[in-house]
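> Please find the sequence and the predicted model below.
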Amino acid sequence: MGHDQKYVDKKYEVVGERFNRPDGIDKVTGKARYGADASAPGQLVGRVLRSPHAHAQILKINTAKAEKLPGVKSVVTFEDMPDLTGGDQGLADILENCMARGRALYDGHAVAAVAAVDEQTAAQALKLIDVKYKKLPHVTDVDEAMLESAPVIHDRIITRGVEPAPTKPSNISARTQMGYGDVDAGFAEADVIIEKTYKTEQTHQGYIEPHACLASVNPDGSAELWVTTQGHFVFRNVCASLLGLDIAKLKVTSSEIGGGFGGKTHVWGEPVALALSRKANRPVKLVMGRDEVFRGTGPTSSTSIDVKMGAKKDGTITAAVAELRYQGGAFPGNWAMLACMTAFACYDIKNNKSIGWDVVVNRPKVAAYRAPSAPMAAFAVESTIDVLAKAIGMKPIDVRLKNVAREGTIAPYGPTYGPIGIEHTLKAVKDHPHMRAKLKKNQGRGVACGFWFNIGGQTCTDLNIGVDGTVNLTLGTVDVGGSRSSMAMIAAEELGIPYEQVRANIADTTSLGHNDMTEGSRGTFSSGMATVFAARDAIGVLKERAAKMWGVPVDDVVWENGQAVATGEGHGNLPPLSLKEIAAKSGRTGGPIAGHNEVVADGAGMGFASHICDVEVDPETGRSTIVRYTVVQDAGKAINPDYVEGQFQGGATQGIGWALNEEYIYGDDGRLQNPGFLDYRIPVCSDLPFIDTKILEVPNPLHPYGVRGVGETSIVPPLAAVGNAIANAAGVRMTHAPMSPPRVLAAIDERDNAG
Amino acid sequence: MSNATLVSTTVNGDPVQFACPTDESLMTALRNRVGLTGVKEGCGTGDCGACSVTLDGSLVCSCLVLGVEAEGREVTTVEGLSEGGELHVLQQKFIDHAALQCGICTPGFLVAAKSLLDRNPNPDETEIRYALAGNLCRCTGYDKIVHAVQAAAKEIRGKDKRSKKRR
């Protein structure tokens, strides 16, 4: 049934309030079950053996001793996971990433796996697997991997996007170019030109819950998978493809998820667990250790970025060029292409060009991390804007406002912007009391902007009304942060009933049609839209039933404030029928009352933000402390402001960690040196002040409530907001993130020695 | 199971017995032997606090304690926080203040926050932040968590004042 997704301004009864989430009690009592919290009778413990080498040929894997160990029920290698991908290189890369096929491509790459009766036996079995490696030259740095002298990781990679195509393979999988105008002419017009190079180190999404699943395969090809995931339908499709199972026979249940941020949108252990279970004919529980999460899942790219920007004395940016080199780990990815889309997206620059280089290195296969590729590009561009502002003697916020993108601006990657909120956020920042707060010694303030384009995608939702008038809302998008409360609120709003009468649940894959992942900030936008339409569908049925109960034509029935009202001549004396009353009689008026919706939610609104950061830099240690932080972001419409604020604060905090401390440290041997939370230092409670938030609402014209996704944009500005603040606090322009104490101290010393 | 040892202990006020290998952590024993999956493994090396429990009243990372060390001692987990049919004030405030998003760190935070308030019923913001610095959260940025603890502390002090007055 077609439904109109256009925004309609209205007064809300439920939406916009701060209701408590329905799953809160389970989560504060320990009842909620996450990936590692399920068990099955007869289950085995699965463990994975991982390569200790950055790059090595696997000459032989001898599993005989492991298989003979009492208590070991199956051992798998790539030979137990035949290539059924039929020439789909993307799927083949996933398969090879889950289990090495003759070559270990990074430190931590899975090479074999065991399933045994208990933890101790499984650990012992791993030790008994004898792998003969022949070490190969490795490369882990993105710039080094692009050199002619670099060891080539995949013979099949010939750079796409280069004319004429190269004749030799390299580690450069693709070149992308975006933008418009004439940058040479633009630079010629400029009074000031700034050129700088930046580097950002690799970070991990850092979710506190490691990957975990419980897989159970039957000899007839039916199977069940309990898994912590951002998208159980996609996991079902991928696992079915890789293992040769029928989609409908693989039932995937999404556990509660303990954080994802993009890092649980891919499979790693799941196909392996299914393979182990299939071979052993018993359920297999496979849980990653924390070091395995760092070494063997999907961190974000490390990058190297050149930015050149020119401006007139009045602040107009006449030309901007970015060259962005992103590593995708051991398999080709599109990360630099994404960076090209976002680099200059906040601004209206007549002549702009972004060139992206996607590069492979001997590191884990990169996965999405919250607004993937945008934070690094923003670090480079937003830092350069501050340098540019200083050079022309204008306030950085005014340079931003002078060049801000508006409705009608053409984005660097092609589309024309509809109504967008970047100017609103900058104006709100300019007016914010934070900008006038007094700074103390060694403190400085920085501002930066960010953008994420958000997505829509496939969504399928059911709404079922119980005979007592309470409502089950069945969703297929995983709830990563409390969105099921927002969905229940939307259903309640549409039906005109109290929030407490609706219960939202996330169903397994056998209960609904396909739903895309919770990623791209699409959860509330897409599931919200599908919920609106499913509710309107149900309202159609409720009106029909009321008409039947009254014996009047259905066209004479309207739905208002949770009731069917009879309009038209002669019906004025019919008292309205509440949803409860209609539901109570449903068994006799036609059966269960439900609404359903499938939609490819289109028209996801873009999310823009501006952040203000005050930092204090200790000149003796180089340590930066965040003393005040404000997030201003356009949410389109905040369904539940508590959870919108939560996204702002959480994203900002990840960005702050990225800006100040977090990095993957690789040794010369190509091994990850810090695969644990002690040495991969994410922000802790004592690192931060309260994070102020301001929600702006510039309605998205393509959503019934104006919703824009909010989950990702807030991680984009912090790197530059912190960098700009450090520049103002300590007088040093940092171009290498994280801006950790040793780096800041080195910059301070260099500046002092330069005199 | 090698080196299986029978452990007799008290968990959340109840007598509990389980058998575990001598090299198994209390975290694993609580999760797999006693069935209390509210204790979460985030890292297994004492860096994240998701496995926080109290042992004879002291806050510990249960991944750094051996299961056999629980012999004859008192363990409390998040499952022991609420009494009767009612949530503990901290639990209620966490919900009311949206102090959880994915919720995986929440059990550890609740145990740590209760441990703080038992020691210091009137902590200032800095004291709260440092007391909770051993618990990692990746979702919230800690803002609403600190607000929830402040609100809980205030309500507990209010209740104590009122109950003291009645005497």
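In hand now; what should we look at?
> Compute the number of surrounding residues for A:L660.
By the criterion of other Cβ atoms under 10 Å in any protein chain shown, A:L660 has 26 neighbours. Placement of C-beta: from N, CA and C, glycine included.
> how about it, what does it touch?
A:S624, A:I626, A:P683, A:V722, A:P738, A:M739, A:S740 (Cβ atoms under 8 Å, 6 or more residues apart in numbering or on different chains).
> so the fourth one is in which element?
Element membership of A:V722 [criterion: DSSP states H and E] is helix A:718-730.
> Relative to the very next helix or strand once past that helix, what are the paired strands and their orientations?
Next in sequence after helix A:718-730, counting helices and strands by DSSP H and E, comes strand A:736-737. Using DSSP bridges, the strands paired with strand A:736-737 are strand A:192-200 (parallel).
> And the nearest residue to A:Q654 once chain neighbours are set aside, how far from A:G551?
Spatial nearest neighbour of A:Q654, chain neighbours left out: A:I715 (5.1 Å); criterion: Cβ to Cβ, 6 or more residues apart in numbering or on different chains. Applying Cβ to Cβ, to the nearest Å, the value for A:I715 to A:G551 is 58 Å.
> list the contacts for whatever residue of chain B ends up closest to chain A?
At 1.9 Å from chain A, B:G38 is the closest residue in chain B, using Cβ to the nearest Cβ. Residues in contact with B:G38 (Cβ under 8 Å, 6+ apart) are A:T29, A:G30, A:K31, B:T77, B:V78, B:E79, B:P107.
> Of those, which belong to helices?
A:T29, B:P107 (DSSP state H).
> For A:A110, state which of the contacts of B:G38 is nearest.
Nearest to A:A110 among the contacts of B:G38, counting by Cβ to Cβ, is B:P107 at 30.1 Å.
> how close does the nearest residue to A:V117 once chain neighbours are set aside sit to A:A110?
Distances taken as Cβ to Cβ, 6+ apart put A:G71 closest to A:V117, at 4.2 Å, once the chain neighbours are dropped. Using Cβ to Cβ, A:G71 is found at 21 Å from A:A110.
> more neighbours, these two?
Set side by side, A:G71 and A:A110 show more neighbours around A:A110, with 24 against 15, by other Cβ under 10 Å.
> circling back: so for the helix holding A:V722, mean pLDDT?
Taken as a whole, helix A:718-730 has a mean pLDDT of 98.
> and if you look at stretch B:81-91?
93.
> from what I can see A:G446 touches A:P718, true?
No: counting by Cβ atoms under 8 Å, A:P718 is not a contact partner of A:G446; they are 9.7 Å apart.
> and the residue nearest to A:Q654, what pLDDT?
98.
> which ones are touching it?
A:R370, A:A371, A:A374, A:P375, A:G450, A:G651, A:A652, A:Q654, A:G655, A:W658.
> distance of it from A:E569?
59 Å.
> which ones are touching A:Y499?
A:V14, A:E17, A:F19, A:A488, A:M489, A:A492.
> Need the nearest residue in space to residue 153, chain neighbours excluded.
Looking at chain A here, since you left the chain open. Leaving aside its sequence neighbours, A:I153 sits nearest to A:V360 (Cβ to Cβ, 6+ apart; 5.1 Å).
> Please refer instead to chain B.
B:L117 (5.6 Å).
> can you confirm that neighbour is in a helix?
Yes: judged by DSSP: H, G, I helix; E, B strand; the rest coil, B:L117 forms part of a helix.
> circling back: how confident is the prediction for the residue nearest to A:V117, by pLDDT?
98.
> Quick check: the gap between it and A:T121.
Taking Cβ to Cβ, one finds A:G71 at 4 Å from A:T121.
> can you check A:I94 too?
29 Å.
> so where's the chain shaky on pLDDT?
Just going to use chain A. A:1-2, A:755 (pLDDT under 70).
> could you do chain B instead?
Using pLDDT under 70, chain B drops low at B:1-2, B:165-167.
> Would you map the strands across it?
In chain B, strands defined by DSSP state E lie at B:4-11, B:14-21, B:52-55, B:58-61, B:74-76, listed in chain order.
> Which positions within the shortest one qualify as buried?
By that I understand strand B:74-76. The neighbour-count check on strand B:74-76 (16 or more other Cβ atoms under 10 Å in any protein chain shown) flags B:V75, B:T76 as buried.
> sorry, back to before: if you tally nearby residues, what's the number for the residue nearest to B:A153?
Counted with other Cβ under 10 Å, B:L117 comes out at 20.
> what's the answer for A:G42, then?
A count of nearby residues for A:G42, using other Cβ under 10 Å, gives 12.
> cool, B:A151 as well?
The tally of other residues near B:A151 (other Cβ under 10 Å) stands at 18.
> Just give me how far stretch A:527-535 sits from the chain centre.
22 Å (Cα atoms, centre = their mean, to the nearest Å).
> Pull out the CA atoms of it and give them to me as CSV.
C-alpha atoms of stretch A:527-535 as CSV (Å, rounded to 0.1, in the frame of the first residue of the first chain):
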residue,chain,number,x,y,z
SER,A,527,11.8,1.9,10.9
GLY,A,528,10.1,5.1,12.0
MET,A,529,8.8,5.6,8.5
ALA,A,530,7.7,2.0,8.2
THR,A,531,6.1,2.2,11.7
VAL,A,532,4.1,5.3,10.6
PHE,A,533,2.9,3.4,7.5
ALA,A,534,2.1,0.2,9.3
ALA,A,535,0.1,2.2,11.8
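> Which parts of that stretch count as buried, going by neighbours?
Across stretch A:527-535, burial judged by 16+ other Cβ under 10 Å covers A:S527, A:G528, A:M529, A:A530, A:T531, A:V532, A:F533, A:A534, A:A535.
> So which of those residues are in helices?
Using DSSP H, those in helices are A:G528, A:M529, A:A530, A:T531, A:V532, A:F533, A:A534, A:A535.
> Chain B: which of these is nearest?
When those are compared against chain B (criterion: Cβ to the nearest Cβ), the nearest one is A:G528, at 17.4 Å.
> residues from the stretch 601-750 of chain A in reach of chain B?
A:642-643, A:645-646, A:649-650, A:652-654, A:676-678, A:682-686, A:688, A:690-691 (Cβ under 8 Å from any Cβ of the partner chain).
> In contact with A:Q5, which residues?
Counting by Cβ under 8 Å, 6+ apart, A:Q5 touches A:M529, A:A601, A:D602, A:G603, A:L702, A:H703, A:P704.
> The second one and B:L132: what is the separation?
Applying Cβ to Cβ, one obtains 38 Å for the distance of A:A601 from B:L132.
> Show me which of those two is the more surrounded one.
B:L132 (25 against 22).
> Mind checking which of the residues of the stretch 601-750 of chain A next to chain B are buried?
Counted by 16+ other Cβ under 10 Å, these give A:642-643, A:645-646, A:649-650, A:652-654, A:676-677, A:682-685, A:688, A:691 as buried.
> Narrow those to those in strands?
A:I691.
> about what we covered before: hang on, isn't the residue nearest to B:A153 packed against B:I128?
No: the pair B:L117 / B:I128 is not scored as a contact, 9.3 Å apart, by Cβ under 8 Å.
> who touches both of those two?
B:V149.
> out of the contacts of A:L660, which one sits closest to A:P164?
Closest to A:P164 out of the contacts of A:L660 is A:P738 (39.7 Å), distances taken as Cβ to Cβ.
> Quick check on that closest one: phi, psi?
With angles defined as degrees, to the nearest 10, A:P738 sits at phi -80, psi 150.
> A:N661 is in contact with that one, correct?
Yes: at 5.3 Å, A:P738 counts as touching A:N661 under the criterion of Cβ under 8 Å.
> Pick out whichever of those two has more residues nearby.
A count of neighbours by other Cβ under 10 Å puts A:P738 above the other of A:P738 and A:N661, at 23 against 20.
> Fine by me, thanks again.
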